[in-house]
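*Asks:* Fold the stuff below for me.
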Amino acid sequence: PKELLQACLRPVLSRLQSHRKLTRHLLRGLARLLYLLSNWFNVTLGEKLLEHLIKWTEPEKIMALGVWRQGEEAEIAAALVGLFHLLPHSPDVPFLPPLVTAVIKLEKCMHQFPQSAAASVTGYAAGPGAASPYREPLLKFLNRHSMDAVRYFLFPEKLKDKPHVGIFH
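*Replies:* From the prediction side, this is the model:
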């Protein structure tokens, strides 16, 4: 069974090697797999997802690729953030600081991505100060790792940092 499962997962995992191959459909399927089989994955999947997510903090490069339909770029990034709460539980929660930092950067540059029809239907507007499609998936992760999140955000320098405090507005 283990070999069969690995053989079935190989095509999905091979598509995750490049951020250019990411689609909403692929990420939705990966979310289902993680929900059902999270213990079969290790920390390297989270590292790869974070590596891809960080690329979205440079919208001009992502849009220049021309891989996704206009407006789909931000949805892919939000779907990536949405996978982190499904990763296997790790006692040291290695993704908390870099994930929060990535979401803060994504929110700063969110207005540079064109708004998609799906974003307008779900209530996410474009432009500075708009609702963020990244908050809900981040909050799922923070909720799953609540004790570590409290320790992280209640650190004095985080309480004074406007972008960190702004996550909870």
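*Asks:* Tell me which helix or strand in this structure has the weakest average pLDDT.
*Replies:* Ranked by mean pLDDT, DSSP states H and E, the weakest helix or strand in the chain is helix 117-122, scoring a mean of 48.
*Asks:* who's in contact with the helix or strand following it?
*Replies:* On the C-terminal side of helix 117-122, the closest following helix or strand by DSSP states H and E is helix 135-144. Residues outside helix 135-144 that contact it (CB atoms under 8 Å, 6 or more residues apart in numbering) are 78-79, 81-82, 84-85, 89, 95-96, 99-100, 103, 149, 167. Yep, even glycine has a C-beta here, placed from its N, CA and C like the rest.
*Asks:* If we ignore the residues flanking it in sequence, what's nearest the most centrally placed residue in the chain?
*Replies:* Centroid-nearest residue in the chain: Val81, 1.5 Å away (criterion: CA atoms, centre = their mean). Nearest residue to Val81, sequence neighbours excluded (CB to CB, 6 or more residues apart in numbering): Pro137, at 4.1 Å.
*Asks:* Gln6 and Leu16: what is the separation?
*Replies:* In this view, Gln6 and Leu16 are 15 Å apart by CB to CB, to the nearest Å.
*Asks:* Which one's more surrounded, those two?
*Replies:* Between Gln6 and Leu16, counted using other CB atoms under 10 Å, the more crowded position is Leu16 (16 against 11).
*Asks:* List the contacts of the more buried one.
*Replies:* Leu22, Leu26, Leu30, Leu45, Lys48, Leu49, His52.
*Asks:* tell me the phi and psi of it?
*Replies:* Main-chain torsions, Leu16, degrees, to the nearest 10: phi -80, psi 0.
*Asks:* gap between it and Asn39?
*Replies:* 18 Å.
*Asks:* Equivalent analysis for Leu106, please.
*Replies:* Applying CB to CB to Leu106 and Asn39 gives a distance of 29 Å.
*Asks:* Looking at the two, which one has more neighbours?
*Replies:* Leu106 (24 against 9).
*Asks:* quick one: that one from Ala78, how far?
*Replies:* 8 Å.
*Asks:* Ile62 too?
*Replies:* Separation of Ile62 from Ala78 (CB to CB) stands at 13 Å.
*Asks:* just Arg69 next, same as before
*Replies:* According to CB to CB, Arg69 stands 15 Å off from Ala78.
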